[in-house]
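>>> Any chance you can model this:
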Amino acid sequence: MIDQAEVDRKNQVSTEFRNTHAAIYEACARRWENWREDYLVELRRLYAEHQKPEYEKKLSLKTLVDPVFFFRSMQNTENDVFGDLVTGVQFTFRRFMGIRNAASHEGAVTEEDVRYFIAFADHMKAVLLSTSSVPLAEDWPPKHVPPPPSPAVRPSFPVVSVGLPAAPGEGLPQALAFYVLCDTSYSMAEEGIDAVNLSITEMHDHLLADPVVADKVRISLISFSSDASVEMALTRPSDVATMPTFVASGLTNYGRVFSLLKSRIDAELPVLAQTNRVVRPVVFMVTDGEPNDKDWLPRLDDLVDAGNLYAPVVVILPCGFVADGLAAAFNGLKKGASPRILPTGMGKPLREVVRDAIRSVTRSIVNTATGGDDTLVLGD
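Modelled structure (predicted):
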C-alpha cells in the first residue's frame, strides 16, 4: 500500500533540492572561482576521490548542472570554501545529502527530515546570497538553469543536541534500541574490567526499576579488543536474568566492532520494526584509548552512513584520555554524522572513570526513555 504522506514528503525534498541548486548556483560558482583557477577540474577530482574512481573518466567539466554533483562538491569543499555555512550551527552537508538520497531512493523521510532539509536550504540561500558580490565567469550559469524560487514562509527547525528521527511504524509501540560497546583490551585489565562488570549490573537494575523504561528499551552489549563479540543480543532488560561478564585481553581494535555493530543493526532493527515503532538506535562506546588499527574510519563511515534507515547516533565516552585524535579523525567522515564525544574526566583512577562513564550511559538511556519524544537526552 502506498503511503501518500511519505510520497509527498519525498517530493517536497526533491523539489527543494532542485530549487536550492538553482538559487545558489551563481554564488557558489563565484566562491569556487575565487578558491582556485582550476576549480572545475578539482571538483571533479574530489568527487571521484570520495565516490568511485571511475567517475574521474565519466564526469565532464560542466557537471555542476547536476544538482547531486553540485551539492557533493559543496560538501567536499566545505572546509576551504563553505565553512561559514556549517560552523557554529546545527547543520551538516552529510545529513542534507542523506535526506536527499532517502527521498530519491527507498529510504524513509520524516517530517523532521523535511523541516531540517528546508531550514538548511534557507540558511544556505541567506548566507550565500548576502555574501555574493564577486563578478561571475561569463559562461556561468548555463542558460537552462531555472530562476530561483519566490520567497515562501518556512517552518522553523529547533536546535537539538542529538536527534532521533523516527522510522516508519505509526501506531505501534515505541522501542528505543541502545548498543553499549565496552572496551575489553588488555589496558582495561583488573580495575577497569571489574568496573565494567559491576557497572553493567547496576545499569540492569536501574533499567528494571522503571516499568516504562523496562518496556520501551532494548539493549545490546558488545565487547571489543583485538576482535569484537556480541555479549548480549538486543533484548528487553526484563528478559535478561544475568548480565554477561567481561574479560580483558588483546589490543584496541575499533574497526572490528564498527563492522560487527553495523551487521547487528542491519539484522536486528528490521525484525524489531515488525512489531514496534523503532527510532534511530543509539550507540555508547566506552573506551580507555584510541584505536590500534589503521582502517577503522571507513568502517565507522559505513556505520553512520545517513543513507541507511537505521544509521545510529554514536556517543563515545573516552575514559582517562584526551580524545583530540578521534575528534580530528572524524573530519574524514563523508557519509554521516560524526560521533559525539563526552569526556568522563581526567586524573581519576580508571575504575572510577569507567564507572562514571557507564553511569552516564545509564542516565542517558533512562532520560531518553522517559523524555516523551524522540530526542536523545544525554546523562550528565
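>>> Pull up the gap between residue 222 and residue 243, please.
Distance, residue 222 to residue 243, by C-beta to C-beta, to the nearest Å: 13 Å. In this view, the C-beta of every residue, glycine as well, is placed from N, C-alpha and C.
>>> Got the confidence number for residue 112?
With respect to pLDDT, residue 112 scores 87.
>>> helix or strand for it, which one?
helix 111-130 (DSSP states H and E).
>>> What are the buried residues along that helix?
Across helix 111-130, burial judged by 16 or more other C-beta atoms under 10 Å covers 112-114, 116-125, 127-128.
>>> Farthest-apart pair in those, please.
Spanning the widest gap among the buried residues of helix 111-130 are 112 and 128, at 24.3 Å by C-beta to C-beta.
>>> What about the residue nearest the centre of the chain? Give its phi and psi, please.
In the chain, the residue lying closest to the centroid (C-alpha atoms, centre = their mean) is residue 337, at 3.1 Å. When quoted as degrees, to the nearest 10, the phi and psi of residue 337 stand at phi -70, psi 140.
>>> Does it touch residue 313 like I think?
Yes - Residue 337 is within contact range of residue 313, at 7.3 Å (criterion: C-beta atoms under 8 Å).
>>> Show me how this protein divides into domains.
Domain segmentation of the chain under automatic domain parsing yields 4-130, 174-369.
>>> okay, the longest strand seen in the chain in PDB with CA atoms only?
When the chain is parsed with DSSP state E, its longest strand is strand 174-183. Extracted in PDB, the C-alpha atoms of strand 174-183 (Å, rounded to 0.1, in the frame of the first residue of the first chain):
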ATOM      1  CA  GLN A 174       7.800   2.700  20.500                       C
ATOM      2  CA  ALA A 175      11.100   0.900  21.000                       C
ATOM      3  CA  LEU A 176      14.400   2.500  21.800                       C
ATOM      4  CA  ALA A 177      17.500   0.500  20.800                       C
ATOM      5  CA  PHE A 178      20.700   1.100  22.600                       C
ATOM      6  CA  TYR A 179      24.000  -0.600  21.900                       C
ATOM      7  CA  VAL A 180      26.700  -0.400  24.500                       C
ATOM      8  CA  LEU A 181      30.300  -1.100  23.300                       C
ATOM      9  CA  CYS A 182      32.700  -1.900  26.100                       C
ATOM     10  CA  ASP A 183      36.500  -1.800  25.500                       C
END
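>>> Neighbouring strands of it in the sheet, and parallel or not?
strand 217-224 (parallel), strand 277-278 (parallel), strand 282-287 (parallel) (DSSP bridges).
>>> which is the next helix or strand following the least confident helix or strand in the chain by mean pLDDT?
Taking mean pLDDT, DSSP states H and E as the measure, helix 55-58 is the helix or strand of the chain with the lowest mean score, a mean of 52. Following helix 55-58 in sequence order, the next helix or strand is helix 67-76 (DSSP H and E).
>>> So which residues make contact with that following helix?
Residues from elsewhere that reach helix 67-76 (C-beta atoms under 8 Å, 6 or more residues apart in numbering): 17-18, 21, 25, 28, 32, 43, 46-47, 50-51, 59, 63-64, 81-82, 85, 93-94, 96-97, 100, 334.
>>> got it, and stretch 198-217?
For stretch 198-217, using C-beta under 8 Å, 6+ apart, the contacting residues are 173-176, 178, 180, 182, 219, 221, 236-238, 240, 243-244, 246, 354-355, 358-359, 361-362, 365-366, 369-370.
>>> Show me the shaky parts of this protein.
1-2, 49-63, 88-89, 131-171, 345-347, 372-374, 379-380 (pLDDT under 70).
>>> List the buried residues of whichever helix in it runs longest.
Scanning the chain for the helix with the most residues, using DSSP state H, yields helix 4-35. For helix 4-35, the neighbour count (16+ other C-beta under 10 Å) marks 9-10, 12-13, 16-17, 19-21, 23-33 as buried.
>>> other SSEs contacting it?
Contacts defined by 3 or more C-beta pairs under 8 Å, 6 or more residues apart in numbering; DSSP states H and E place helix 4-35 against helix 39-50, helix 67-76, helix 93-104, helix 111-130.
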